[in-house]
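A.B. asks: sequence and predicted structure below; questions after.
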Amino acid sequence: MKPLTLAVCITIIAALLIGTCGCTSSNQTSNQTPIASQSAAAQRNTLLQNYLAAYKNQVYSNNNLKITRWELDWVNNTAATLQLTELNKTSNQTTSVNATYEVFPTTQDATNYVNAMNLTGFGLSTVYPGAGSYQNATGHAPQTYKQYELDEGNQHIVITQIDNLITDQLIVVQT
């Protein structure tokens, strides 16, 4: 089995596991919050809410990008999925991102989760890229930062641990 195929399988399995382990679920986009789900929104993890809001602000403030899709779905109180499509105005390339975000109780729990993954073939970076969504959301740089990336053609799988937050992204660049 190719490393990319294996990684995609792992990503799908992780998404399914996350989707079945929550107590509540909301399939509403971030722009439409019905009154009935406002109490559920109040119980959502503050770090994850702040991170996703900071990320959205970062993406939408990039004048070189035209966002054609931003669809955020809460899986449960500590996990969300995002489907994002953006057009780079300079290169005229469209990028689609399917991402899962999950907050763990502790950084060690997040580390254990990542360590249980088969990351054979992935490159590792531990250098925090600087002021980004996490720092904007928390007011400080993370103490733990690990980014695993697997590139194969126009597809990229990126798994990032930022303290107790895990992001799992499948990025497809259309040429």
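C.D. replies: Great, that's in hand.

A.B. asks: C-alpha from now on. contacts and neighbour counts both.
C.D. replies: Noted.

A.B. asks: Tyr101 contacts Thr81, correct?
C.D. replies: Yes - if you go by C-alpha atoms under 8 Å, Tyr101 and Thr81 touch, sitting 6.2 Å apart.

A.B. asks: what count of nearby residues applies to Leu72?
C.D. replies: Residues near Leu72, counting by other C-alpha atoms under 10 Å, number 20.

A.B. asks: that one falls within a strand, correct?
C.D. replies: Yes - counting by DSSP: H, G, I helix; E, B strand; the rest coil, Leu72 is located in a strand.

A.B. asks: please tell me I have it right and it contacts Thr85.
C.D. replies: No - in this structure, Leu72 is not within contact of Thr85 by C-alpha under 8 Å, at 11.9 Å.

A.B. asks: next, Thr126: phi, psi?
C.D. replies: phi -120, psi 10 (degrees, to the nearest 10).

A.B. asks: can you give me the pLDDT of the closest residue to it other than its chain neighbours?
C.D. replies: Distances taken as C-alpha to C-alpha, 6 or more residues apart in numbering place Lys146 nearest to Thr126, at 4.7 Å, with adjacent residues excluded. pLDDT, Lys146: 96.

A.B. asks: what's the answer for Leu165, then?
C.D. replies: 97.

A.B. asks: so where do the strands sit in this protein?
C.D. replies: For the chain, the strands defined by DSSP state E occupy 65-76, 79-88, 93-103, 123-125, 145-152, 155-162, 165-174.
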